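# Just need the structure, nothing else, for what follows:
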Amino acid sequence: MTTLKVFGHADESLKEVDFGKGLKNFSVSDAVQFSTDRAESSTQVIEGLGKDDVVELIFDSVLISGVYSTGSFRARPMFVLLTLVTLIVRWGELLSGAPGMDVTALALTALWIAIAVSIIVFHLFQDRDVDLNTILGAIVTYLLAAVAFAMLFQISELLSPGAFSGLDDAAYRDRGGLSSAMMYYSLVCITTMGFGDIVPVGAIARPLSVIEGAFGQLYLAVMIARLVGLHIAKDSAPQD
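Below is the predicted model:
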């Protein structure tokens with residue numbers, strides 16, 4: 001059992017410390033230095049986490065929570081396996097920076113999001129009541145689709161540089177630059193706002209943009225019609 005005996009001398013020395021193996025002298029200055037070293041080590045670990053690492057941790061939490069929230073369905077083991085592979089590849093690309101792994105990580109993540117969207121939409125069309133969870137599920141599906149298309153746009157730009165005109169230099173300086181630019185462009189496409197500051201010119205980028213714009217309009221039309229229809233049907237149903 002570790003014991004510490006303090007004698008209140010003017011020199012502020014801790015005269016005895018029993019560490020189970022005998023007695024040793026241990027001064028207050030040593031204790032302060034020890035605590036300072038530990039604090040500096042913790043600070044270095046925190047500072048060692050870059051912006052990309054923090055963003056990756058947040059995104060990983062989304063993937064894990066997505067697997068947890070899907071509940072039980074027949075293909076769940078395969079979905080869990082896809083999640084694990086996606087996490088491994090994403091961290092492998094982030095830590096190693098190996099050429100080609102960025103495209104693989106983006107493709108796997110886009111596939112994961114597509115499956116998650118399919119699961120959410122299936123449950124939305126199974127529900128017969130409109131509540132807060134139903135509304136949030138519809139909103140999350142819309143935003144997840146925008147994220148998936150943003151990743152497909154990144155793949156298009158990485159495989160064919162210059163597939164989008166209007167990208168500034170920041171989009172090519174680091175990992176986050178292109179991701180932010182394509183996320184912005186994806187939201188512009190899915191909402192069909194069409195600002196025109198970023199324009200698809202590549203053979204893959206152009207049809208992808210059209211598909212996302214059509215999806216955004218059709219999704220809103222179909223989903224809003226269904227939610228409103230369910231709400232009206234519930235209100236008009238005879239009360240017991």
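
# Output the longest helix belonging to this structure.
Secondary structure assigned by DSSP state H gives helix 205-236 as the longest helix of the chain.

# gap between that helix and the chain center?
Computed by CA atoms, centre = their mean, to the nearest Å, the chain-centroid distance of helix 205-236 equals 25 Å.

# mind checking the SS state of Phe73?
Classification of Phe73 using DSSP: H, G, I helix; E, B strand; the rest coil returns coil.

# That one is in contact with Ala116, isn't it?
No. With contact defined as CB atoms under 8 Å, Phe73 does not reach Ala116; the gap is 11.9 Å. For the C-beta atoms, the positions are set from N, CA and C on the backbone; glycine is no exception.

# So between these two, which is more surrounded?
Ala116 (23 against 11; other CB atoms under 10 Å).

# Next, the contact list for the residue nearest to that one when sequence neighbours are not counted, please.
Counting by CB to CB, 6 or more residues apart in numbering, the nearest residue to Ala116 once its immediate chain neighbours are dropped is Gly66, at 5.2 Å. Gly66 sits next to 83, 112, 116 when contact means CB atoms under 8 Å, 6 or more residues apart in numbering.

# Tell me which helix or strand Gly66 sits in.
Following DSSP states H and E, one finds Gly66 within helix 51-69.

# can you tell me the average pLDDT over that helix?
The average pLDDT for helix 51-69 rounds to 83.

# Return the distance of the residue nearest to Ala116 relative to Gly166.
32 Å (CB to CB, to the nearest Å).

# and this structure, what are its domains?
The record's domain parsing of the chain by automatic domain parsing lists 3-46, 49-236.

# which of those domains sits most buried?
Most buried of the domains of the chain, by mean neighbour count (mean count of other CB atoms under 10 Å): domain 49-236, with a mean of 15.

# distance between it and the chain's centre?
Using CA atoms, centre = their mean, the offset of domain 49-236 from its chain centre is 10 Å.

# tell me the contacts of the closest residue in space to Leu187 that isn't next to it in sequence?
Once flanking residues are discounted, Leu187 sits nearest to Ala146: 5.4 Å by CB to CB, 6+ apart. Counting by CB under 8 Å, 6+ apart, Ala146 touches 183, 186-187, 190, 212.

# Quick check: the farthest pair among those residues?
Across these, the longest distance by CB to CB is 12.2 Å; it joins Met183 and Glu212.

# what about Ala225, distance to Ile232?
11 Å.

# ranges for the helices of the chain?
Listed in chain order, the helices of the chain (DSSP H) span 28-48, 51-69, 76-96, 101-126, 132-159, 170-173, 175-190, 205-236.

# Listing request: residues of this protein with sub-threshold pLDDT.
Scanning the chain for pLDDT under 70 picks out 1-50, 70-72, 237-240.

# picking that back up, the helices of the chain into CSV, with extra columns for distance to Val199?
Shown next, in CSV, are the helices of the chain (distance: least, CB to CB, whole Å):
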stretch, distance to Val199
helix 28-48, 39
helix 51-69, 27
helix 76-96, 28
helix 101-126, 21
helix 132-159, 12
helix 170-173, 14
helix 175-190, 9
helix 205-236, 9
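
# Out of the ones you listed, flag the one nearest Ile198.
With CB to CB as the measure, helix 175-190 is the member of those nearest Ile198 (4.7 Å).
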